[in-house]
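Asks: compute the structure for the input listed below.
(one chain, ligands or ions: 1)
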Amino acid sequence: MAVIQAEVNDLKREILPSAVAYYPVSGRWRAVSRWAFSKQRPLPEIPRVVNPFSAVFNRYFVDLGAPVIIVGSEIFRSGPTTFDDLVAGAGDMEVVVRGGDYSTHSGREQRRIRLVEYLDSYIRGSVAEGAGASGKRLPPYAAHNHLSKKRMDSLGLVYPLGCNPRTTNRPNMWLGPANSLTPLHYDSNDNLICQYVGRKQLTLYPPSQIKWLYTYGYGPSWSRVDNPLTVDLNTYPRFANAQHVDVMLAPGEILYLPARWSHFVVNPEASLMVNFWPRQTLTQKMRMTLDRRLRQVKRLCGFPG
Ligand SMILES: O=C(O)CCC(=O)C(=O)O
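Replies: Numbers count the residues shown, from 1 in each chain. All right, here's what the predicted structure looks like:
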């Protein structure tokens with residue numbers, strides 16, 4: 001799919017024909033639109049849109065809960081474009097590093113290290129580490145590190161479309177070498193994934209597919225299938241029904257990932273990403289609570305949840 005200029009008619013015609021044709025799309029009907037859209041199967045591809053106006057972004061994506069990749073965003077005019085820029089802005093920061101076999105949530109080990117040392121050892125160097133209880137080796141991942149306002153300023157980071165300090169949680173930095181990964185899970189907030197250095201590969205499952213994913217827990221909700229690329233279908237037969245869409249996110253792109261879209265993430269090369277989770281609106285909170293209760297009931301009755 002070609003990159004689309006953010007003309008409303010192009011969006012209607014090329015991106016979301018079925019959704020726009022059948023469902024009411026308006027801020028007032030956001031909850032209804034999202035619910036209706038979430039019943040859909042995955043789009044064959046996540047569209048790329050050039051720097052849309054916020055009204056267009058809200059109306060055609062946030063209101064529907066439809067993912068989109070934004071290209072040409074002005075947030076990348078400042079902000080790090082190399083790992084040297086990262087050292088200059090935050091080299092002295094302490095980061096939490098995931099080690100061991102973190103492909104399962106329970107096998108995860110954590111330790112703290114200065115960012116400049118982490119970069120020297122694992123991003124620029126080639127120290128192999130990470131054998132966990134299962135014996136699996138994964139590259140240590142400086143994942144999910146909160147950034148203060150001071151750090152944002154020293155790195156030149158700014159809030160992307162749809163986010164501001166009043167309505168968004170503190171941003172997080174995800175810095176990892178080739179093959180670092182995050183197991184399959186979904187979050188209960190919308191997410192803006194801003195890719196600064198290197199590429200990131202995401203396997204996405206819309207909310208309609210949660211019933212096939214063997215998830216447990218809430219906020220985040222993890223899948224018992226940590227890696228969909230190597231799933232054992234004898235143990236997890238229902239997973240065979242799950243439909244997904246693949247995304248390769250390039251530096252300078254932002255993925256808008258709505259709440260409840262499950263994602264498995266691999267960094268095919270050394271990667272720096274910063275993500276923003278806008279806080280949930282009251283309607284979203286109510287929706288999540290309802291969803292949780294419904295799934296509990298479904299499971300009690302023996303249906304896939
Ligand atoms: O980039 C990653 O490894 C995972 C990111 C993620 O899970 C998220 O932003 O919710």
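
Asks: helix, strand or coil: sort out the closest residue to the ligand within the stretch 51-200 of the chain for me.
Replies: Residue nearest to the ligand within the stretch 51-200 of the chain: Thr182 (3.5 Å; CB to the nearest ligand atom). Every C-beta, even on glycine, is put in place using the N, C-alpha and C of the backbone. Secondary structure of Thr182, reduced to three states by DSSP: H, G, I helix; E, B strand; the rest coil: strand.

Asks: that one and Tyr102: what is the separation?
Replies: 8 Å (CB to CB, to the nearest Å).

Asks: show me which residues of this structure are close to the ligand?
Replies: 143, 174, 182, 187, 191, 193, 200, 263, 265, 273, 275 (CB under 6 Å from any ligand atom).

Asks: quick one: least confident of those?
Replies: Lowest pLDDT of the residues of the chain next to the ligand: Asp187, 92.

Asks: flag every buried residue along the helix ranked longest in the chain.
Replies: Among all segments of the chain classified by DSSP state H, the helix with the greatest residue count is helix 282-300. Within helix 282-300, the residues scored as buried using 16 or more other CB atoms under 10 Å are 284, 287-288, 291, 295.

Asks: and which of these is nearest Val56?
Replies: Distances from Val56 to those, taken as CB to CB, are shortest for Gln284 (20.9 Å).

Asks: and that closest one, what's its pLDDT?
Replies: The predicted local confidence for Gln284 comes out at a pLDDT of 69.

Asks: same check, this time on Pro42
Replies: Model confidence at Pro42, given as pLDDT, is 68.

Asks: and what of the one 10 residues further on?
Replies: Looking at Pro52, its pLDDT stands at 90.

Asks: contact partners for the residue of the stretch 51-200 of the chain closest to the ligand?
Replies: Taking CB atoms under 8 Å, 6 or more residues apart in numbering, we find Thr182 in contact with 141, 143, 174, 263-265.

Asks: a markdown table for those residues, including distance to Arg114?
Replies: Listed next are the contacts of Thr182 as a markdown table, based on distance: CB to CB, whole Å:
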| residue | distance to Arg114 |
| --- | --- |
| Tyr141 | 16 |
| Ala143 | 16 |
| Trp174 | 17 |
| His263 | 29 |
| Phe264 | 30 |
| Val265 | 25 |
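
Asks: so which of the residues you listed wins on neighbours?
Replies: The most crowded member of the contacts of Thr182, judged by other CB atoms under 10 Å, is Tyr141 (26 neighbours).

Asks: just to check, that residue is in contact with Tyr102?
Replies: Yes. Using CB atoms under 8 Å, Tyr141 makes contact with Tyr102 at a distance of 6.7 Å.

Asks: buried residues in stretch 205-223, which are they?
Replies: 205-215, 218, 220-223.

Asks: for Pro80, helix, strand, or coil?
Replies: For Pro80, the reduced secondary structure class is coil; criterion used: three-state DSSP.

Asks: what sits against it?
Replies: Residues near Pro80 by CB under 8 Å, 6+ apart: 86, 89, 155-156, 196-197, 272.

Asks: what about 7 Å?
Replies: Each residue near Pro80 by CB atoms under 7 Å, 6 or more residues apart in numbering is listed here: 86, 89, 155, 196-197, 272.

Asks: cool, Arg199 as well?
Replies: When contacts are counted by CB under 7 Å, 6+ apart, Arg199 is found next to 248-250, 268-269, 271.

Asks: with Gly65 instead?
Replies: When contacts are taken as CB under 7 Å, 6+ apart, Gly65 is in contact with 34, 37-38, 258.
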